[in-house]
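>>> give me coordinates for this.
(one chain, ligands or ions: 1)
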Amino acid sequence: MSPPEGCLAGKVAIITGAARGQGAAAARRFVDEGARVVIADVSDEAGKELAEELGAAAYYRHLDVSAEEDWAAVVGEAVETLGGLDVLVNNAGVLHFSALAETTLADYERVIRVNQFGCFLGMRAAARAMRDGGSIVNVSSVEGIAGMPMVVAYTASKFAIRGMTKVAALELGPRGIRVNSVHPGMIDTKMVQDAIGGYEVDLTPVTKKLALRRMGNSEEIAELVLFLASDRSSYSTGSEFVADGGSLATHALNMGS
Ligand SMILES: NC(=O)c1ccc[n+]([C@@H]2O[C@H](COP(=O)([O-])OP(=O)(O)OC[C@H]3O[C@@H](n4cnc5c(N)ncnc54)[C@H](O)[C@@H]3O)[C@@H](O)[C@H]2O)c1
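From the prediction side, this is the model:
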């Protein structure tokens, strides 16, 4: 068998929330570029299906990102069976819509546990196990840069990811491990639909305000994640990488069409 080719050739990666959406798109691109990938998620059926599609270069493991014991098991196995860990993509996330006054502590805690604790536990596991020269990519959001009504817990968690990224970059930089955050805008996945109870919603009025006048897709975010995971971004760390169709290019006073 010839050695793998591509910008992630020989690298071992764990991608959380990779059973579908942006995580699945990243898993596909990573395998194309020569990585061996652990698809980690709580959605077992979809995760196993994707692993089957990707063949020998990928396997699926159940990982609830908010559970310390799951991290120990999944990272431990990757290091033992694949020989190390080079890339971690903290991509798993959940969204919850409710007004501040209506947000229960349980709602708030559920979002923080997955989005914020999950990223912390993942980075901590990587800090212990990752080979020197590795890369951690934390998926935040435009809500990690600016606020939006109805998503107080989500916004808090995504701001936290942006901050944690910088601390990790400073601590792990001497080992050549780079840590960056990605800030997607509105991306066409099932996340929004799930958060509103499965209904289809017409997002055209929102996308009309964007410079590019359209939603993004998972593959467009996967390209950015791939860039940050690979040595092509070798001098970038502790930084924020936005892919939002221009949503942060303007502000609420915009009177244009
Ligand atoms: N879709 C958007 O518009 C958008 C915009 C900005 C940021 N993001 C972020 O991008 C990331 C990927 O989201 P997506 O759009 O692909 O959504 P998605 O809902 O399609 O995928 C999220 C994945 O995370 C998994 N997941 C949920 N809880 C988990 C847990 N506790 N442990 C492990 N896995 C878990 C889900 O099973 C799912 O496979 C998220 O962090 C999200 O907040 C999404």
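>>> near the ligand, which residues of the stretch 101-250 of the chain?
Within the stretch 101-250 of the chain, the positions adjacent to the ligand are 114, 139, 141, 184, 186, 187, 189, 190, 191, 194 by Cβ under 6 Å from any ligand atom. C-beta coordinates here come from the backbone N, C-alpha and C atoms, glycine included.
>>> could those go into TSV alongside neighbour count and pLDDT?
Formatted as TSV, those follow (neighbours: other Cβ atoms under 10 Å; pLDDT from 0 to 100):
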residue	neighbour count	pLDDT
114	23	98
139	27	99
141	28	98
184	25	98
186	19	96
187	21	97
189	20	95
190	10	93
191	16	93
194	13	91
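>>> show me which pair in those residues is furthest apart.
Farthest-apart pair in these is 114 and 186; separation 20.0 Å (Cβ to Cβ).
>>> was I right about residue 111 contacting residue 96?
Yes: using Cβ atoms under 8 Å as the test, residue 111 is close enough to residue 96 to be in contact (5.1 Å).
>>> quick check: neighbours shared by the two?
153, 154 (Cβ atoms under 8 Å, 6 or more residues apart in numbering).
>>> so for the two, which residue has more residues nearby?
residue 111 (23 against 19; other Cβ atoms under 10 Å).
>>> list the contacts for the more buried one?
94, 95, 96, 153, 154, 157.
>>> mind pulling up the pLDDT for it?
Reading off the confidence values, residue 111 has pLDDT 98.
>>> residue 93: how many residues sit nearby?
Residues lying near residue 93 (other Cβ under 10 Å) number 25.
>>> for residue 35, which non-adjacent residue is closest in space?
Using Cβ to Cβ, 6 or more residues apart in numbering and skipping the chain neighbours, the partner closest in space to residue 35 is residue 8 (3.7 Å).
>>> the one you found and residue 129, how far apart?
18 Å (Cβ to Cβ, to the nearest Å).
>>> if you count what's nearby, which of the two comes out ahead?
residue 8 (26 against 18).
>>> which SS state does that one fall under?
The three-state assignment at residue 8 reads coil, by DSSP: H, G, I helix; E, B strand; the rest coil.
>>> give me the phi and psi angles of it.
Main-chain torsions, residue 8, degrees, to the nearest 10: phi -120, psi 20.
>>> show me where the stretch 1-150 of the chain has its helices.
Under the criterion DSSP state H, counting those that start in this stretch, the stretch 1-150 of the chain contains helices at 21-32, 44-54, 68-82, 105-111, 118-129.
>>> winner for burial among those?
Of all these, helix 21-32 has the most neighbours on average by mean count of other Cβ atoms under 10 Å, namely a mean of 25.
>>> not counting sequence-adjacent ones, nearest residue to residue 247?
Nearest residue to residue 247, sequence neighbours excluded (Cβ to Cβ, 6+ apart): residue 185, at 4.4 Å.
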